[in-house]
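A.B. asks: Just need the structure, nothing else, for what follows:
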Amino acid sequence: MTREIGWEQIQRDASSVVTVGTFDGVHRGHQAILSFLCERAKALQGTPTVLTFDPHPRAVVRNADVPLLTTIEERARALEHLGIARMVVLPFTQELAQYDPEAYVREVLWETIGLQAIAVGYDHRFGRNRGGDVSLLRAMGADLGFTVEEIPPQAEDDEVISSTRIRKQITEEGAVADAAQLLGRRYTLSGTVERGDQRGRTIGFPTANIRLNDARSCVPRHGVYATRVHGSALHEPHVGMCNIGVRPTFDGTTPTIEVHMLDFEGNLYDETLCVEFVQRLRGEVRFDSVDALKAQLSEDRTHCIRVMEAASTPSTTESGCL
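C.D. replies: Numbering: from 1, shown residues only. Here you go, the predicted structure:
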């Protein structure tokens, strides 16, 4: 898959069959659109192309904090696995947000990126004040010479699958298993192992402290999670317990992400790990003593093993660690 990141890297391809969106998470709703895109591109002998944005448009237009379900790199890997041949990443700025809808279609989609067809979701809006819609695309397509396909919403339990819904499940509820159902794979966080205070070693539960690759990543609600940990230094995935929170038993104040691997011993400093979240075991608790904490961690370990024995071993795509 070609990756054209930034205006200067774009190479116009008039054969492109394009879809446009942030595609954060590349969830099951997105996957339906991408599957349709690939089918249309094959029929038209065109290039299946995704136009996406970084940062998230809402972070710019509304000055909002939008935790990301996928980094650009993770998004690219997921798109490539689904058959996308070309990914264009535009930096989303106030200037781009203020484009007149007609100018956006003509100057960005048609003249810069190139397209023979475009497939968009049922609610796709674009341009200044979100003034452009599918009707405008069809009118301009008839004039410029491209076709337009509208994709219906994808629903689960009568609710539309959306990145916003998945973020809420992860950050507010810690419902990583439910989020996995909508993502089509388990949610993951990737980061570099850095040196911590090494307190875990003193109580028999050494942990790898994770510094996220992208600080904007969506972090699950504070608590303890059953996880599977991937990394080139591990050679194979390892079962782990991941603690997210401030470690209140030790009067901590700064949130950390720590993972204890049940069947691993060794130095992982400066290595990159991918933590795959399987199920939330419990919330964050302040214990009256270190001994009480150790006793709970032993129970957590037993619970974690039970959960992981019951969980299926997913394929690489299902795990999210592409």
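A.B. asks: does residue 296 really touch residue 286, like I thought?
C.D. replies: No. Counting by Cβ atoms under 8 Å, residue 286 is not a contact partner of residue 296; they are 11.1 Å apart. All C-beta spots, glycine's among them, are computed from the backbone N, C-alpha and C.
A.B. asks: Just confirm residue 281 is within a strand.
C.D. replies: Yes. Under DSSP: H, G, I helix; E, B strand; the rest coil, residue 281 sits within a strand.
A.B. asks: Count the neighbours of it for me.
C.D. replies: Neighbour count of residue 281, defined by other Cβ atoms under 10 Å: 21.
A.B. asks: Tell me who's in contact with it.
C.D. replies: Contact analysis of residue 281 by Cβ atoms under 8 Å, 6 or more residues apart in numbering lists 223-226, 241, 300, 303-304, 307.
A.B. asks: Give me the subset of these lying in helices.
C.D. replies: 300, 303-304, 307 (DSSP state H).
A.B. asks: residues in contact with the nearest residue to residue 53 once chain neighbours are set aside?
C.D. replies: Spatial nearest neighbour of residue 53, excluding adjacent residues (Cβ to Cβ, 6 or more residues apart in numbering): residue 92 at 4.1 Å. Taking Cβ under 8 Å, 6+ apart, we find residue 92 in contact with 53-57, 59-60.
A.B. asks: on that earlier part again, possible to save the contacts of residue 281 as a markdown table with neighbour count and pLDDT?
C.D. replies: Formatted as a markdown table, those follow (neighbours: other Cβ atoms under 10 Å; pLDDT from 0 to 100):
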| residue | neighbour count | pLDDT |
| --- | --- | --- |
| 223 | 17 | 97 |
| 224 | 24 | 97 |
| 225 | 27 | 98 |
| 226 | 26 | 98 |
| 241 | 24 | 97 |
| 300 | 19 | 95 |
| 303 | 16 | 96 |
| 304 | 24 | 97 |
| 307 | 18 | 96 |
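A.B. asks: chain center to the host helix or strand of residue 17, what's the gap?
C.D. replies: Following DSSP states H and E, one finds residue 17 within strand 16-20. In terms of Cα atoms, centre = their mean, to the nearest Å, the centre of strand 16-20 is found 21 Å from the chain centre.
A.B. asks: can you check stretch 6-14 too?
C.D. replies: 24 Å.
A.B. asks: got the buried residues for it?
C.D. replies: For stretch 6-14, the neighbour count (16 or more other Cβ atoms under 10 Å) marks 10, 13 as buried.
A.B. asks: what residues does it touch?
C.D. replies: 2-4, 47, 49, 86, 88-91, 111-116.
A.B. asks: swap in stretch 27-46?
C.D. replies: The contact list for stretch 27-46, computed with Cβ under 8 Å, 6+ apart, reads 15-19, 21, 23, 26, 47-50, 69, 79, 82-85, 116-117, 119-121, 149, 151, 153-154, 156, 160-163, 166, 182-184.
A.B. asks: In helices, which of the residues you listed appear?
C.D. replies: Those of the contacts of stretch 27-46 lying in helices (DSSP H): 79, 163, 166, 182-183.
A.B. asks: so which of these is the most crowded?
C.D. replies: Neighbour max across these (other Cβ under 10 Å) = residue 183, 28 neighbours.
A.B. asks: That one: what's it in contact with?
C.D. replies: 25-28, 69, 166, 320.
A.B. asks: cool, and residue 80?
C.D. replies: Residue 80 neighbours (Cβ under 8 Å, 6+ apart): 1, 87.
A.B. asks: Start at 132, not 1
C.D. replies: Sounds good: first residue 132 from here, last item residue 211.
A.B. asks: Report pLDDT for it.
C.D. replies: Per-residue pLDDT puts residue 211 at 97.
A.B. asks: do residue 347 as well
C.D. replies: 95.
A.B. asks: excluding its backbone neighbours, what's nearest residue 384?
C.D. replies: Residue 384 sits nearest to residue 377 (Cβ to Cβ, 6+ apart), 5.7 Å away.
A.B. asks: Backbone dihedrals for the one you found, please?
C.D. replies: phi -100, psi 0 (degrees, to the nearest 10).
A.B. asks: was I right about residue 136 contacting residue 207?
C.D. replies: No. Residue 136 is beyond contact range of residue 207, at 9.1 Å (criterion: Cβ under 8 Å).
A.B. asks: neighbour count winner among the two?
C.D. replies: Each of residue 136 and residue 207 has its neighbours counted (other Cβ under 10 Å); residue 207 has more, 21 against 16.
A.B. asks: list the contacts for that one?
C.D. replies: Residue 207 touches 132, 134, 218, counting by Cβ under 8 Å, 6+ apart.
A.B. asks: The second one: what secondary structure?
C.D. replies: Looking back up the chat, that one is residue 134. Three-state call for residue 134 (three-state DSSP): strand.
A.B. asks: doesn't residue 215 make contact with it?
C.D. replies: No. Counting by Cβ under 8 Å, no contact exists between residue 134 and residue 215, whose distance comes to 10.3 Å.
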